[in-house]
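In: mind folding the following:
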Amino acid sequence: MQEEQTEVLVVGAGPVGLLAAILASEAGLGVRIIDQEARTTARSYACALHPRTLELLDEVGLAEPMLHQGRRVETVAFYDHAARRAEVNLSKLGGGFPFLLILPQSAFEEVLEQRLRKAGISVDWQHRFAGVQEHADGVIADVEELGGTGTGYIVPHWETVVKRRIPLRARYVIGADGHGSLVRHRLGIASTRVAGPHFFAAYEFEADAPPEPEVRVVLDDSTTNVLWPLAANKCRWTFQLVKTAGGIEFPEKDRRPVRFAQPQVDEELREYVELVVRQRASWFSAGVKRITWCTDVAFEHRVANHFGRGHGWLAGDAAHQTGPVGVQSMNVGLAEAAALVGAIKKTLREHALTAPLEAYDQERQEEWRRLLGLAGGLKTRAQTDPWVAERRERMLPCLPAGAADLGRLATQLQLDV
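Out: Numbering: from 1, shown residues only. Model (predicted):
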């Protein structure tokens, strides 16, 4: 087999991997990016960009196309059933983008992929990272090019097959391949689960009135739920599911990621969403006209014990995961992509040995200790509202921020990091 070469191999073409490839190209590094899927996502879990993420994207001219497609939201409000109990206002953070930008992840990834193609780099879709051999000056990755074949006679189906194996020599591998990261596993890096799993169901729908221009988080006694305002009259409710003796509270078959064509199923889902809303958020008065999409997903609070070693390094969900409300894992992961590419550039172009990468590992560990509450969590003050104090551990992953902005938002709640 003929060996292929690159300086940086990015595994995973989600938002973090795509941005890492763009930044590596901008830095003058040779880059390849692979993903075992056939294309970018068609749907979205992480649907909000933090202010600091927008500043990072603006540095490479990517903020403006995002702004045209997204909805700007300045406030995140916290509710307990019908009562509004607290809020944080992102406009107080200052900077050039003092707001959340809500947009579908599919739109975000499309803009990133278009920018990558302009740099002359195409994602190698249906290419799977299968293994890695460490060498003194880099790695040789075992990459499998995937294809499909039809099997079966009575009931035909499509089966994935390996078309060919490609040995790919790289100076560094960036694992941005999600929470089940093959890169992390092949590097032998363990992760620590802090909490979870917690199960959520997301329902996107058309309402009969436009939603309020803010994100609303409902923290009742046992569940965390969030209402996202989307474009026009569209909304998304994300409900935390409660386990019962019989399993999850809502049947698995009705939470598949599909567009519903059966009127009976659509009506049952609509009635279910309205029932849960009445129980958990009685202030929501907009009627649910039509469910357009739904899915379920499990989240853990987890972090890798190391963010890399040798010539293999991690960024984004490959290294960590937290709850869905604050969209911290993706946004902090995008900042990690920039920091990691910068560290790799220093080692390759400035001959800085391993110090920049060692610093990256230490800084990422410290960041996630704060975000996951391992450094003591949010701390109360004498004037902290008792309701906020009681729920501060659950509010931490709901704050749409990392780094210094996390402390600034916590201060609005009379809390300290």
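
In: in space, what's closest to residue 30 - neighbours in sequence excluded?
Out: What sits nearest to residue 30 in space, not counting adjacent residues and going by C-beta to C-beta, 6 or more residues apart in numbering, is residue 7, at 4.0 Å. The way it works is simple: take the backbone N, C-alpha and C, and place the C-beta from them, glycine included.

In: my bad, should have said residue 209
Out: residue 286 (4.5 Å).

In: now do the same for that neighbour: helix, strand or coil?
Out: Of the three states, residue 286 takes coil under DSSP: H, G, I helix; E, B strand; the rest coil.

In: for it, what are its contacts?
Out: 207-211, 233, 235 (C-beta atoms under 8 Å, 6 or more residues apart in numbering).

In: name the element the most centrally placed residue in the chain belongs to?
Out: Closest residue to the average C-alpha location of the chain: residue 330 at 3.3 Å, with C-alpha atoms, centre = their mean. Taking DSSP states H and E as the definition, one finds residue 330 inside helix 328-349.

In: same question for residue 183.
Out: Per DSSP H and E, residue 183 falls inside helix 182-187.

In: now residue 303
Out: Per DSSP H and E: strand 288-304 holds residue 303.

In: after that strand, next one along is what?
Out: Using DSSP H and E, the first helix or strand after strand 288-304 is strand 308-309.

In: so what are the sheet partners of whatever helix or strand comes next after that following strand and their directions?
Out: The helix or strand immediately downstream of strand 308-309 is strand 312-314, counting by DSSP H and E. Strand 312-314 sits in its sheet next to strand 157-175 (parallel), strand 308-309 (antiparallel), going by DSSP bridges.

In: can you verify residue 275 is assigned to a strand?
Out: No - if the criterion is three-state DSSP, then residue 275 is helix and not within a strand.

In: show the contacting residues for the residue nearest to the centre of the chain.
Out: Residue 330 touches 15-16, 46, 316-317, counting by C-beta under 8 Å, 6+ apart.

In: okay, who's weakest in the residues you listed by pLDDT?
Out: The lowest pLDDT within the contacts of residue 330 belongs to residue 46, with 60.

In: show the low-confidence segments of the stretch 301-417 of the chain, by residue range.
Out: Within the stretch 301-417 of the chain, no range satisfies pLDDT under 70.

In: list the buried ones in stretch 62-82?
Out: Using 16 or more other C-beta atoms under 10 Å as the test for burial, stretch 62-82 gives 62-63, 65-67, 70-71, 73-80.

In: hang on, isn't residue 119 packed against residue 18?
Out: No - applying C-beta atoms under 8 Å, one finds residue 119 not in contact with residue 18, separated by 11.2 Å.

In: neighbour-wise, which of the two wins?
Out: residue 18 (29 against 13; other C-beta atoms under 10 Å).

In: distance of the residue nearest to residue 30 relative to residue 168?
Out: Here the criterion is C-beta to C-beta, to the nearest Å. By it, residue 7 lies 11 Å from residue 168.

In: please apply the same query to residue 320.
Out: Distance from residue 320 to residue 168, by C-beta to C-beta: 26 Å.

In: and those two? Which one has more around it.
Out: residue 320 (28 against 22).

In: in contact with that one: list those residues for me.
Out: Counted by C-beta under 8 Å, 6+ apart, residue 320 has contacts 302-304, 329, 332-333, 368, 371-372.
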